[in-house]
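S.K.: structure for the following, please:
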Amino acid sequence: MIARHTLTYVGSRGFAAILNLASVAVFTRLAPVESYGAYLYVMSWALVLYGATCQWPKYAFFALYDEARAGVQVATLARILAGTVVLASLGSGLAAAFGLVPAGITGAVVALVVGITLFEASAEIARTRLRAGTVAVSVVARAVLMLGLGSAALHLSQDPLHLALAVAAANALAALPAVAAVLPLMGGRGSRVEAGRLLAYGWPLALSFGTAALAASLDRLIIGRTVGPEELGAYGAIADFLKQSFVVFGEALTLSMIPIAKREARLGGWPAASAILADAARAIALLAAFGAVFFSAFDDVVIAILLGPDYRAEAQRLAPVLILASILMTLRAHYFGQVIYFARTSRLELAASVAALVTVAGPALLLIPSFGVMGAAIAFAAGQGAACLVFILGARWRAEGAIAMPLPGADILGIVGGALACALLLWAIGLTPWGFAPAGQALRFVLLVAGFVAVAWRYDVVGIARAVRGRLAFRTR
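M.R.: Numbers count the residues shown, from 1 in each chain. Alright, predicted model coming up:
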């Protein structure tokens, strides 16, 4: 089941990632840098509002899910989410009424929050019930709709608010397959007892996710207010490109493996879940190590293909720091952060989010005035690193209710060593006269893929090698 779910999620997320990268490529060619920067500024505020109000219920639901009470829990979750959306809308409306935010931006932010909430909540319920195929359809549909509707909006008008509304509509429409799959469970009555359990578990998450969302967007918000939307456009384009590349695949791994680990924890306790989580750690390490080698070796080619001419020079300069930041974000969100589903408390998540916010805010305020977007990139990477350290040290020191996520150190070192060996080989080929010619680039790419497959097979990442050996053994009987 793990291999099948992983392949389903990775396949759908991989295809969606390609389409999302195509969206970045199209948007950065259709929109001037300042328009794309203004869109990113609106999206940043939407993500902060979503994180502070509408994100926590789905995580509390997954952590407390019980198949025996599925109908009541889903119905209760739907009602709580409706309340959080109303709360977010009222708060945004008051901000517009008092003149704090222009009405147009307020409307776009609320539309994005509603669309993201519909998509994320319905997909979370479906993946909790192990409906991998349904979630995969919604994920691919969102990518297709985002590319189509976003391109149409920019073709008709280069207004960043129109692009934001198109992205909101793409999220809402893509939620329909997942909504249809869980709709039979929504007809039941909600429960005050279940609502109390969700609130008791989730209130620290509401604080931590709001804090984490602000930490993740603070660099962009400061750039938008100080340096300007044109610089934010170039910075956000390369950052979003790397996010799609690292975080999306990391999310695919957690979507496939964490629900199974959670089920094993319910049935067999923490030792049963630890083996699956250790495999997830190997998979994340493989993704991070070889992803870093790929972007370091082919950054000029990838940036030239995916970003418009006005974005390329700045993206090339920022790439090394943002690669590190993306890796740390993947580790923080899609491995260490998953501990909230197994621990008795979610307070460690809050501590990590506060550490990230403080670590981003200080360097950002100090570095951005002098170093511009490079200062923002450094601050963002530092914040993600600080959050990872809080998860590691907090669990090791056995903070109240904390659980240490397994870290198979020897295997991770072996995976990183294999990636470094590939990096040295690619670097050596690049020193030859033909190393960066088309034939040399093709050879470097083939060698990188071969190294990735060899290391994945050596450490049996997500059980694929074991599954293949079993299938071959069955056929030889």
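S.K.: what helices or strands is the host helix or strand of residue 259 leaning on?
M.R.: Per DSSP states H and E, residue 259 falls inside helix 229-268. Applying 3 or more CB pairs under 8 Å, 6 or more residues apart in numbering; DSSP states H and E, one finds that helix 229-268 contacts helix 2-30, helix 33-53, helix 103-128, helix 132-156, helix 192-226, helix 270-306, helix 312-334, helix 373-396. To be clear about C-beta, it is placed using only N, CA and C from the backbone, and glycine gets the same treatment.
S.K.: pretty sure residue 277 sits against residue 406.
M.R.: Yes - with contacts counted by CB atoms under 8 Å, residue 277 reaches residue 406, the gap being 5.2 Å.
S.K.: pick out whichever of these two has more residues nearby.
M.R.: Between residue 277 and residue 406, residue 277 has the larger neighbour count (other CB atoms under 10 Å), namely 23 against 17.
S.K.: before we move on, back to that, make JSON lines out of the helices and strands packed on helix 229-268 and add mean pLDDT and distance to residue 80.
M.R.: As requested, the helices and strands packed on helix 229-268 are arranged in JSON lines below (pLDDT from 0 to 100; distance: least, CB to CB, whole Å):
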{"stretch": "helix 2-30", "mean pLDDT": "75", "distance to residue 80": "26"}
{"stretch": "helix 33-53", "mean pLDDT": "89", "distance to residue 80": "11"}
{"stretch": "helix 103-128", "mean pLDDT": "90", "distance to residue 80": "10"}
{"stretch": "helix 132-156", "mean pLDDT": "90", "distance to residue 80": "21"}
{"stretch": "helix 192-226", "mean pLDDT": "83", "distance to residue 80": "6"}
{"stretch": "helix 270-306", "mean pLDDT": "86", "distance to residue 80": "27"}
{"stretch": "helix 312-334", "mean pLDDT": "85", "distance to residue 80": "23"}
{"stretch": "helix 373-396", "mean pLDDT": "86", "distance to residue 80": "26"}
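S.K.: wait, which of those helices is closest to residue 236?
M.R.: Nearest of the helices and strands packed on helix 229-268 to residue 236, taken as CB to CB: helix 33-53 at 3.9 Å.
S.K.: distance between that closest one and the chain's centre?
M.R.: What separates the centre of helix 33-53 from the centre of its chain is 16 Å, taken as CA atoms, centre = their mean, to the nearest Å.
S.K.: C-alpha coordinates for it, PDB please?
M.R.: These are the backbone C-alpha positions of helix 33-53, laid out as PDB (Å, rounded to 0.1, in the frame of the first residue of the first chain):
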ATOM      1  CA  VAL A  33       7.700  42.200 -13.100                       C
ATOM      2  CA  GLU A  34       5.800  44.800 -11.000                       C
ATOM      3  CA  SER A  35       2.400  43.200 -11.700                       C
ATOM      4  CA  TYR A  36       3.600  39.800 -10.800                       C
ATOM      5  CA  GLY A  37       5.100  41.200  -7.600                       C
ATOM      6  CA  ALA A  38       1.800  42.900  -6.700                       C
ATOM      7  CA  TYR A  39       0.100  39.500  -7.100                       C
ATOM      8  CA  LEU A  40       2.600  37.800  -4.900                       C
ATOM      9  CA  TYR A  41       2.000  40.500  -2.300                       C
ATOM     10  CA  VAL A  42      -1.700  39.800  -2.300                       C
ATOM     11  CA  MET A  43      -1.100  36.100  -2.100                       C
ATOM     12  CA  SER A  44       1.200  36.500   0.800                       C
ATOM     13  CA  TRP A  45      -1.500  38.300   2.800                       C
ATOM     14  CA  ALA A  46      -4.000  35.600   1.800                       C
ATOM     15  CA  LEU A  47      -1.700  32.800   3.100                       C
ATOM     16  CA  VAL A  48      -1.200  34.700   6.400                       C
ATOM     17  CA  LEU A  49      -4.900  35.000   6.900                       C
ATOM     18  CA  TYR A  50      -5.600  31.400   5.900                       C
ATOM     19  CA  GLY A  51      -2.900  30.200   8.300                       C
ATOM     20  CA  ALA A  52      -4.200  32.200  11.100                       C
ATOM     21  CA  THR A  53      -7.900  31.200  10.700                       C
END
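S.K.: relative to helix 229-268, how tilted is it?
M.R.: Interaxial angle, helix 33-53 versus helix 229-268 (axes from the mean of the first three to the mean of the last three CA atoms, to 10 degrees): 30 degrees.
S.K.: what are the contacting residues of the next helix or strand after helix 33-53?
M.R.: For helix 33-53, the succeeding helix or strand toward the C-terminus, using DSSP H and E, is helix 56-64. Contacting residues not belonging to helix 56-64 are listed as 73-74, 77, 80-81, 84, 120-121, 124-125, 128, 197-199, 201-203, 205-206, 209, 259, 262, 340-341, 346 [CB atoms under 8 Å, 6 or more residues apart in numbering].
S.K.: with just CA atoms, put helix 56-64 into PDB.
M.R.: The C-alpha trace of helix 56-64 is given here as PDB (Å, rounded to 0.1, in the frame of the first residue of the first chain):
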ATOM      1  CA  TRP A  56      -5.700  24.500  11.800                       C
ATOM      2  CA  PRO A  57      -9.100  22.500  11.700                       C
ATOM      3  CA  LYS A  58      -7.900  20.100   9.000                       C
ATOM      4  CA  TYR A  59      -4.700  19.200  10.900                       C
ATOM      5  CA  ALA A  60      -6.700  18.700  14.100                       C
ATOM      6  CA  PHE A  61      -9.100  16.500  12.200                       C
ATOM      7  CA  PHE A  62      -6.300  14.300  10.800                       C
ATOM      8  CA  ALA A  63      -4.600  14.000  14.200                       C
ATOM      9  CA  LEU A  64      -7.800  13.000  16.000                       C
END
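S.K.: okay, the angle between that helix and helix 192-226?
M.R.: Angle between the axes of helix 56-64 and helix 192-226 is 130 degrees (criterion: the same axes, to 10 degrees).
S.K.: and the following helix or strand past helix 56-64, what other elements does it pack with?
M.R.: Using DSSP H and E, the helix or strand that follows helix 56-64 in sequence is helix 70-97. Packing contacts for helix 70-97, counted by 3+ CB pairs under 8 Å, 6+ apart, involve helix 33-53, helix 56-64, helix 103-128, helix 176-186, helix 192-226.
S.K.: one step back: out of the helices and strands packed on helix 229-268, which comes closest to residue 449?
M.R.: Counting by CB to CB, residue 449 lies closest to helix 270-306 out of those; the figure is 9.1 Å.
S.K.: and that closest one with helix 229-268, angle?
M.R.: Orientation check (the same axes, to 10 degrees): helix 270-306 against helix 229-268 gives 160 degrees.
S.K.: perfect, I'm done here.
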